[in-house]
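Participant: Mind folding the following:
(2 chains)
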Protein chains: 2
Amino acid sequence: MKIIKIASQMQKIALKHIKDGDEIGLVPTMGALHEGHISLIAKSVKNDDITIVSIFVNPVQFCPNEDYLKYPRPAKKDKEICKKNHVDYVFMPSANDMFPSDHKTFIEIKTLQDILCGAFRINHFRGVATVVAKLFNISCADRAYFGVKDFQQLKIVEKMGKDLNFRTKIIPCSVVRERNGLALSSRNSYLSAEEKKRSLNISKSLKEAAEDFKSRDLNFVKKTVINKLKKIPGSEIDYAEIVNFDDLSPANKNTKKAVFAVAVWIGKTRLIDNIMMIKDKGRSGQ
Amino acid sequence: MKIIKIASQMQKIALKHIKDGDEIGLVPTMGALHEGHISLIAKSVKNDDITIVSIFVNPVQFCPNEDYLKYPRPAKKDKEICKKNHVDYVFMPSANDMFPSDHKTFIEIKTLQDILCGAFRINHFRGVATVVAKLFNISCADRAYFGVKDFQQLKIVEKMGKDLNFRTKIIPCSVVRERNGLALSSRNSYLSAEEKKRSLNISKSLKEAAEDFKSRDLNFVKKTVINKLKKIPGSEIDYAEIVNFDDLSPANKNTKKAVFAVAVWIGKTRLIDNIMMIKDKGRSGQ
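Facilitator: Purely as a prediction, here's the structure:
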C-alpha cells in the first residue's frame, strides 16, 4: 500500500493504471474510518483492480461555526485500517494542495443543494460537489463508493456526475449500523455514553416510520417521528422531512418510494439518519 | 473521420483510445469554422494521436436576448473543413443530450466570471465553464486548444481546469486575423461590407495602444483607444479595459504585462478583441 500526498502525483499514478487496463475504485472519506467505510472499501476491493481511499477533511464543506478543527484525524489508525483491508493507495493531500488560497471554482447544484442539510449548512454541498469533482479527476476512477447514510450527498454527487458527464460510476452502499441500530458516523465519537444511548431513538423512530408509511398518511408518519425525536432529552431537530427517493422533492400522497431524512442535535453533536420507505402495493396512501 | 452525436458514445470511444495509449486533442467550437479554428485543429493534429473537434452551439452560454437562434450553423461545410484538416472525430451533440431539461449543475468561477464580458453577458462564463468541463470529461482529452481572442474565456477555462484538477492541458493559440487586422470570428458574418471596414479600427487602435503602453501612462493609453472606438460610426462600447495578463485584475502603473480587452458593438454585431501589452524594460510606466 502506498501513501500519496500530492494530487498531481496521485493523478499521474492513476492515469498509468488506466492506460495499463486497470479499473480504479475510489472511496472518498474524511478519515476516522469505521465499519461503514470498511464496507465501502470491501466493495471496491472486490469490484476494482485498484482501490484508492482518499482521506481529506475538506475545509470548504464546513461552515465557519462547525467542527472543522475538532473533526477527528486519527491518521495512523486510518492507514492501518486501509492496509488491513487491501487498499492499494491512500491519498492524503494537504488542505493547501487541494484548496490553495487562490482557489475560485465551485460547483453548484441548484435546488438540490439548498434543501434539508443544505438549508442549515450553507455552502456545504457546493463544497462536497467541488471536492468530489476534484477527487474524480485526480483518481481517474471508474467507480466511486458512497454510503447511503449521507443520502442528500449521494443524490448530489449522482446529479453532478451525470450533469457534468463524469465517467465515474457512483455506487451507493447501504448504511452500516451498530447492532442497536445507530448509524455509524465519525461524529459518533463526540457522544457521551448517555447521549449515545439516547440517540438510538433516531434510528428506532425511522424504522417505525417505514412501517407506518405502508398504510398511514404522510402527516401522521411525519408527526409521529417528530414527537419521538422531541422526547429525546437534550435533542433539537434541524429537520425531519419525507422526500421523494429520486429527486428529494417533497413527498405527497402519491409518492410510492420515499426517504425519511432527519438531522437532530443530541447535545452538541449533530447526527443525520434516513430510511427508505416503500408504499404497500394496492394501497392509496390515504 | 467519424461523426459522433451522442455524448456517452463519444466518451466510450475516447476512453478506448486512452487505454490504447493514444493521446487525445480536443478543439471545442461552436461551428461556423474559420481560419482561426483551423489553426487550432492544425496544432492538435500535429501534437496529438487523435483530434476531436466538438461543434456545439451551447445554449447555456447565451443570454436570453442574444443571438442563440441566429448563430450560424453551416454543419455540412464545417464537416468538410474538419475532414480536409485530418480531424478524427467530429462530436456534434444535440442541445438536449448536453443540457436536458433537468440539468442543474453549473460551475462558477468567482470574480473572474463577473468582469469584462461577464458584466454584460450574465451567466455567460458559467455556461462556458460548465460546457467545457463536460467536453473535457466526454473527450478524455490530454490537451484542449483555445484561441487567445476569447482571452477571458481562456483564463476562465485555465482556472477551472487547475482548480478542479482536470488532467486536460490547456493550449492557448494566437489570434488569427485577416490581412487588414480584423480578428476572425464566426460573428463577422453578421457584418455588412461597410461595417466590416469600420470594425478594422478596433484592431488598429489596440495595436497602437500596445506601442503607447511601452512609454505612456495607463490613463492615456486607455483614453486614446476609447476616443478612437467612439469615432467609429454606429459603434457602442461595452467595455475597454486594461487588465493584468495573469488574473485579469485591473492594471496599475506597476503592471508589466497587461491585456487591453475591448467589446464593441458595430451596428447590431458585438465584436471582442484584445492585445497583449508589455512594458519597455527600464521604464517606470509613468
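Participant: Send me whichever helix or strand A:Glu158 is part of as PDB with only the CA atoms.
Facilitator: Using DSSP states H and E, A:Glu158 sits in helix A:151-163. Taking C-alpha atoms only, helix A:151-163 is exported to PDB below (Å, rounded to 0.1, in the frame of the first residue of the first chain):
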ATOM      1  CA  PHE A 151     -28.400  10.400   1.300                       C
ATOM      2  CA  GLN A 152     -28.500  14.000   0.100                       C
ATOM      3  CA  GLN A 153     -24.800  13.900  -0.600                       C
ATOM      4  CA  LEU A 154     -25.300  10.800  -2.600                       C
ATOM      5  CA  LYS A 155     -28.000  12.400  -4.700                       C
ATOM      6  CA  ILE A 156     -26.000  15.500  -5.200                       C
ATOM      7  CA  VAL A 157     -22.900  13.500  -6.300                       C
ATOM      8  CA  GLU A 158     -25.000  11.400  -8.600                       C
ATOM      9  CA  LYS A 159     -26.500  14.500 -10.200                       C
ATOM     10  CA  MET A 160     -23.200  16.200 -10.500                       C
ATOM     11  CA  GLY A 161     -21.600  13.200 -12.100                       C
ATOM     12  CA  LYS A 162     -24.500  12.900 -14.600                       C
ATOM     13  CA  ASP A 163     -24.800  16.600 -15.400                       C
END
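Participant: any idea how far the closest residue to chain B within the stretch 151-286 of chain A is from A:Ser186?
Facilitator: For the stretch 151-286 of chain A, the residue closest to chain B is A:Asp163, as judged by Cβ to the nearest Cβ, at 3.6 Å. (Each C-beta comes from the backbone N, C-alpha and C, glycine too.) When distance is defined by Cβ to Cβ, to the nearest Å, A:Asp163 is 29 Å away from A:Ser186.
Participant: One more: A:Glu178?
Facilitator: Distance, A:Glu178 to A:Ser186, using Cβ to Cβ: 14 Å.
Participant: repeat for A:Phe56
Facilitator: 13 Å.
Participant: Quick check: neighbours shared by these two?
Facilitator: A:30-31 (Cβ atoms under 8 Å, 6 or more residues apart in numbering or on different chains).
Participant: Tell me the gap between stretch A:7-18 and the middle of its chain.
Facilitator: Distance of stretch A:7-18 from its chain centroid, counting by Cα atoms, centre = their mean, to the nearest Å, is 25 Å.
Participant: do the same with stretch A:116-135
Facilitator: The answer for stretch A:116-135 is 11 Å, by Cα atoms, centre = their mean.
Participant: Is that stretch in proximity to chain B?
Facilitator: Yes - Stretch A:116-135 is in contact with chain B by Cβ under 8 Å from any Cβ of the partner chain, via A:129-130, A:133-134.
Participant: returning to what we had before: neighbour count: A:Asp163 and A:Ser186, which is higher?
Facilitator: A count of neighbours by other Cβ atoms under 10 Å in any protein chain shown puts A:Asp163 above the other of A:Asp163 and A:Ser186, at 22 against 19.
Participant: Can you pull the phi/psi pair for the residue nearest to the more buried one when sequence neighbours are not counted?
Facilitator: Leaving aside its chain neighbours, A:Asp163 sits nearest to B:Thr105 (3.6 Å; criterion: Cβ to Cβ, 6 or more residues apart in numbering or on different chains). Backbone torsions for B:Thr105, taken as degrees, to the nearest 10, come to phi -100, psi 130.
Participant: now swap in A:Ala261 and tell me
Facilitator: Here is the backbone geometry of A:Ala261 (degrees, to the nearest 10): phi -120, psi 130.
Participant: Please name the bridge partners of it.
Facilitator: The bridge-partner assignment for A:Ala261, based on DSSP bridges, gives A:Glu241, A:Asn274.
Participant: who touches it in this structure?
Facilitator: A:Ala261 makes contact with A:116, A:151-152, A:239-241, A:243, A:272-274, according to Cβ under 8 Å, 6+ apart.
Participant: switch to 6 Å and redo it
Facilitator: Contacts for A:Ala261 (Cβ atoms under 6 Å, 6 or more residues apart in numbering or on different chains) come out as A:116, A:151, A:241, A:274.
Participant: do A:Ile138 as well
Facilitator: The neighbours of A:Ile138, taking Cβ under 6 Å, 6+ apart as the test, are A:7, A:10-11, B:165.
Participant: Pull out the buried residues from the lengthiest helix in chain A.
Facilitator: Ranked by number of residues, the top helix in chain A under DSSP state H is helix A:193-213. Residues A:195-196, A:198-199, A:201-203, A:205-206, A:209-210, A:212-213 are the ones in helix A:193-213 that count as buried (16 or more other Cβ atoms under 10 Å in any protein chain shown).
Participant: For the stretch 1-150 of chain A, list the residues in contact with chain B, please.
Facilitator: A:7, A:11, A:103-110, A:133-134, A:137-138 (Cβ under 6 Å from any Cβ of the partner chain).
Participant: So which of these are in helices?
Facilitator: Among the residues of the stretch 1-150 of chain A next to chain B, DSSP H puts A:7, A:11, A:133-134, A:137-138 in helices.
Participant: Most neighbours among the residues you listed, which one is it?
Facilitator: That'd be A:Ile138 among those, by other Cβ under 10 Å, with 29 neighbours.
Participant: Pull up the per-residue confidence for it.
Facilitator: What the model reports for A:Ile138 is a pLDDT of 98.
Participant: Tell me how far it lies from A:Lys12.
Facilitator: On the measure of Cβ to Cβ, A:Ile138 and A:Lys12 end up 10 Å apart.
Participant: Over to A:Leu229?
Facilitator: In terms of Cβ to Cβ, A:Leu229 sits 48 Å off from A:Lys12.
Participant: Find the closest residue to chain B in the stretch 1-150 of chain A.
Facilitator: A:Thr105 (3.6 Å).
Participant: Strands of the stretch 1-150 of chain A, start to end?
Facilitator: Using DSSP state E, counting those that start in this stretch, the strands of the stretch 1-150 of chain A run over A:2-4, A:24-29, A:50-55, A:89-91, A:105-109, A:143-147.
Participant: Make JSON lines from the ones you listed and add mean neighbour count to it.
Facilitator: Listed next are those as JSON lines, based on neighbours: other Cβ atoms under 10 Å in any protein chain shown:
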{"stretch": "strand A:2-4", "mean neighbour count": "15"}
{"stretch": "strand A:24-29", "mean neighbour count": "27"}
{"stretch": "strand A:50-55", "mean neighbour count": "26"}
{"stretch": "strand A:89-91", "mean neighbour count": "24"}
{"stretch": "strand A:105-109", "mean neighbour count": "22"}
{"stretch": "strand A:143-147", "mean neighbour count": "23"}
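Participant: okay, those in a markdown table with mean pLDDT next?
Facilitator: Shown next, in a markdown table, are those (pLDDT from 0 to 100):
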| stretch | mean pLDDT |
| --- | --- |
| strand A:2-4 | 98 |
| strand A:24-29 | 98 |
| strand A:50-55 | 98 |
| strand A:89-91 | 99 |
| strand A:105-109 | 97 |
| strand A:143-147 | 98 |
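Participant: Perfect, I'm done here.
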